[in-house]
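Enquirer: Can you look at this prediction? I've put the sequence above it.
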Number of protein chains: 2
Amino acid sequence: MLKNEITELLGLDFPIIQAPMAGGVTTSKFVATVSNNGALGMIGAGYLSAHQLRQQIREVKQLTANNFGVNLFVPNYFELIEDEVEMMNKLLKHYHGELNIPFEKLILPTLESVFHSYMEQIQVIMEEKVPICSFTFGVPTLDVMKKLKQHNIISIGTATTVVEVVAIERLGMDAVVVQGSEAGGHRGNFISDHEESLIGLSSLIPQVVDNISIPVIAAGGIMDGRGLMAALCLGAKAVQMGTAFLTCEESGAHPVHKEAILDSKVEDTTLTRAFSGKWARGIKNKFIKEMQDQASIPSFPVQNVLTQSIRKSSANQNNKDYMSLWSGQNSALARNETVERLIQRVMEQANRINKNV
Amino acid sequence: MLKNEITELLGLDFPIIQAPMAGGVTTSKFVATVSNNGALGMIGAGYLSAHQLRQQIREVKQLTANNFGVNLFVPNYFELIEDEVEMMNKLLKHYHGELNIPFEKLILPTLESVFHSYMEQIQVIMEEKVPICSFTFGVPTLDVMKKLKQHNIISIGTATTVVEVVAIERLGMDAVVVQGSEAGGHRGNFISDHEESLIGLSSLIPQVVDNISIPVIAAGGIMDGRGLMAALCLGAKAVQMGTAFLTCEESGAHPVHKEAILDSKVEDTTLTRAFSGKWARGIKNKFIKEMQDQASIPSFPVQNVLTQSIRKSSANQNNKDYMSLWSGQNSALARNETVERLIQRVMEQANRINKNV
């Protein structure tokens, strides 16, 4: 059960994928360390420019001979509604004051800039011959799929419901990450609406595997060998773990972020659109609480740009009140240990359960 | 793994408990059939009078020599706000017209009537020497706990978060059902608020078992041997299955309810307070959709009484639009088969997985 078509497809010792957390968590050293320890390291490239991405891919290649992957955010249509932006900026001014953020003219994203940047990232993936590329917030177009196949790049989709998984299989992708409602960070729904997409992982996996034949990778709240074995029993072939890797010594997450997870209880996470305009799960803090009654939050990635300086200043001041402390529902099981130790511990526990069943 | 302290405690062949679904699902024949097939049959007594409960307990005893249980709703404080009730009645009048419901003077519940009826149920449980009693929506008082122990009645609590599980263990209960966010029917949270209580089962189980030592029974979306094995891998000792039993031939659920589940997809359930005033998961229908923007819904059990005739008439007319079609998130895995076949199928699949891991 612990060796299967997905470990073979991805060239792994263990059926474990490090979730591609964007925003500085997945440093080159971190990604390479995961890959060097028999799991799959992933670069969370959502917010990287093509230039930054190319640089990081080259760094990772220097640090590991094993497979690794890159995750991209598929752009979605969004509208920039000036009134909404203006109102949000007024509201956020208060936090600029609190954090002493100097005035800065914002460059707001446009559809053109976002799509252009994504296509440049795709180009880098091909040119640098990245072995594995996963996608979130949507699926690549048929053109992109064709290019990926021509370059022998393994493609992985991200889905939250059966209908999304079926779309990913039809498109010809090689595997799919299914994201349960427990998952930390941004929700990956792209066909189903937010509420429909909140399916518990243990309900999602069996329904998904009954409907498709490509291998399923389970994500959402998996922290140890128990979660790994449960996912495999339900029909998944591997797990993607985010929060568990985020608190590792090698991860690039801010120490305040790690601490917030390590200090948390199971009831401490919540879903919010406040930081980025897209629903995401994180540890409840002052910003989330104060923003929760805001009816009108601009869409992703507009809101993400609007709150950028607040999140950044808050982090610089080691103040967790205004940082996006992404975390899955199993945050309380997180530990601060090396990547090597985490992977060992998960596999030891999985093997113990394996023997006892 | 499939034989453990919980099968021993409850005297079962298999680590499977039929969820105590209230409202006519758990007929005597159904409960006894479950117990006769090596799992635990449970009477959902939430809405039964003491007299009805006594009668049903005696019927079940006639039909099985095996253990069975009763589940009670622990009453909670509620206020009867006249303006709110009046407004809701005005709103519901429209449905009375649609369903041709003749005018009937409602007897609204009072705190006194609800608590009185609960204490009478407790009395029946003692007198009839019911082997197992589980509680939902709260925990019994210390007095009641003492009486249960004096009568050698095994007590089981229901929890949705770690803090609730800890309270149940401290109180001296023998086991606990942990209800994941996937679960159908009413939410069992009683310390944590609604939002906090929505924890996916695969995140909830490991955190719970790390914090208590009484055996854990997992509930929420478990439909087959995969779900059973996953729950056991995560640290549970048994599973409580509702939706899977509800669509069985012997269950007393309305045929329209069974059909709605059998025809459903994974994305079809939602959480609503519209039917009873308490959050519950069911298949989305007209009533839920039309009521979803109602800010002011009276508390449980007031709203439950207010919508009673609507639900009843809708059922009598085989009209699923206004019935409470409770169901877990794994509704799409439901089958229409005998209780015997369901239990066999779950155990066969669990044993197959057991051999393959």
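Expert: That came through fine. Numbering: from 1, shown residues only, chains lettered A, B, ... in the order given.
Enquirer: Where does the prediction get shaky in chain A?
Expert: Within chain A, the stretches with pLDDT under 70 are A:357.
Enquirer: try it again with 50
Expert: Of all residues in chain A, none has pLDDT under 50.
Enquirer: Please, where are all the strands along it?
Expert: Taking DSSP state E as the criterion, chain A carries its strands at A:16-18, A:41-44, A:68-73, A:132-136, A:154-159, A:175-179, A:185-186, A:216-219, A:238-241, A:269-272, A:280-283.
Enquirer: which strands and helices sit next to the third one?
Expert: Put plainly, it is strand A:68-73. If contacts are counted by 3 or more CB pairs under 8 Å, 6 or more residues apart in numbering or on different chains; DSSP states H and E, strand A:68-73 sits against helix A:28-36, strand A:41-44, helix A:50-63, helix A:111-127, strand A:132-136. Any C-beta I mention is one placed from the backbone N, CA and C, and that applies to glycine too.
Enquirer: Throw those into JSON lines and include distance to chain B and mean neighbour count, thanks.
Expert: Formatted as JSON lines, the helices and strands packed on strand A:68-73 follow (distance: least, CB to the nearest CB, whole Å; neighbours: other CB atoms under 10 Å in any protein chain shown):
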{"stretch": "helix A:28-36", "distance to chain B": "22", "mean neighbour count": "24"}
{"stretch": "strand A:41-44", "distance to chain B": "21", "mean neighbour count": "27"}
{"stretch": "helix A:50-63", "distance to chain B": "30", "mean neighbour count": "17"}
{"stretch": "helix A:111-127", "distance to chain B": "28", "mean neighbour count": "16"}
{"stretch": "strand A:132-136", "distance to chain B": "19", "mean neighbour count": "26"}
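Enquirer: among those, which is nearest residue A:318?
Expert: In terms of CB to CB, the element of the helices and strands packed on strand A:68-73 nearest to residue A:318 is helix A:28-36, at 20.8 Å.
Enquirer: Which strands or helices does the closest one pack on?
Expert: strand A:16-18, strand A:41-44, helix A:50-63, strand A:68-73, helix A:339-356.
Enquirer: in the sheet, who's paired with residue A:217?
Expert: Bridge pairing for residue A:217 (DSSP bridges) gives the partners residue A:177, residue A:238.
Enquirer: now it: how far from residue A:176?
Expert: 7 Å (CB to CB, to the nearest Å).
Enquirer: And stretch A:267-277, what's buried?
Expert: Neighbour counts over stretch A:267-277 (16 or more other CB atoms under 10 Å in any protein chain shown) mark A:267, A:268, A:269, A:270, A:272, A:273, A:274, A:275, A:276, A:277 as buried.
Enquirer: can you list those in TSV and add distance to residue A:183?
Expert: What follows is those, written out as TSV (distance: CB to CB, whole Å):
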residue	distance to residue A:183
A:267	16
A:268	15
A:269	10
A:270	13
A:272	14
A:273	16
A:274	18
A:275	16
A:276	15
A:277	18
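Enquirer: ok, those vs chain B, which is closest?
Expert: Chain B lies nearest to residue A:267 out of these, by CB to the nearest CB, at 4.3 Å.
Enquirer: So residue A:326 is in contact with residue A:185, correct?
Expert: Yes - using CB atoms under 8 Å, residue A:326 makes contact with residue A:185 at a distance of 4.2 Å.
Enquirer: what touches both of these two?
Expert: A:21, A:242, A:280, A:281, A:282 (CB atoms under 8 Å, 6 or more residues apart in numbering or on different chains).
Enquirer: how about the residues of the stretch 101-250 of chain A that lie near chain B?
Expert: A:161-163, A:180-182, A:192, A:195-207, A:210, A:220-224, A:226-227, A:229-235 (CB under 8 Å from any CB of the partner chain).
Enquirer: List only buried entries from those.
Expert: A:161-162, A:180-182, A:192, A:196-207, A:220-224, A:226-227, A:229-235.
Enquirer: Point out the ones among those that are inside helices.
Expert: A:162, A:201-207, A:226-227, A:229-234 (DSSP state H).
Enquirer: Tell me which stretches of the stretch 251-357 of chain A form helices.
Expert: A:255-262, A:286-291, A:302-306, A:308-316, A:339-356 (DSSP state H, counting those that start in this stretch).
Enquirer: Mean neighbour count, these: which tops it?
Expert: Mean neighbour counts were taken over those using mean count of other CB atoms under 10 Å in any protein chain shown, and the top value, a mean of 21, falls to helix A:302-306.
Enquirer: quick one: furthest residue from the center of chain A?
Expert: Farthest-out residue of chain A from its mean C-alpha position, per CA atoms, centre = their mean: residue A:356, at 32.7 Å.
Enquirer: that older thread, tell me which of the helices and strands packed on strand A:68-73 lies nearest to residue A:169.
Expert: strand A:132-136 (13.7 Å).
Enquirer: give the contact list for the closest residue in space to residue A:274 that isn't next to it in sequence.
Expert: Excluding its sequence neighbours, the residue lying closest to residue A:274 (CB to CB, 6 or more residues apart in numbering or on different chains) is residue A:291, at 3.7 Å. Applying CB under 8 Å, 6+ apart, we find residue A:291 in contact with A:272, A:274, A:297.
Enquirer: Residue A:223: what's it in contact with?
Expert: Counting by CB under 8 Å, 6+ apart, residue A:223 has contacts A:241, A:243, A:244, A:328, A:330, A:333, A:334, B:206.
Enquirer: what about it, distance to residue A:19?
Expert: For residue A:223 relative to residue A:19 (CB to CB), the value is 12 Å.
Enquirer: what do the two both touch?
Expert: Shared contacts of residue A:223 and residue A:19, counting by CB under 8 Å, 6+ apart, come down to residue A:241.
Enquirer: My guess is residue A:191 contacts residue A:162. True?
Expert: No - under the criterion of CB under 8 Å, residue A:191 is not in contact with residue A:162, lying 10.1 Å apart.
Enquirer: Chain neighbours aside, what residue packs nearest to residue A:242?
Expert: Of all residues not flanking residue A:242 in the chain, residue A:19 sits nearest, at 3.3 Å (CB to CB, 6+ apart).
Enquirer: separation between the one you found and chain B?
Expert: Separation of residue A:19 from chain B (CB to the nearest CB, to the nearest Å): 15 Å.
Enquirer: got the contact list for that residue?
Expert: A:42, A:44, A:185, A:219, A:240, A:241, A:242, A:245.
Enquirer: Thanks again, I'm all set now.
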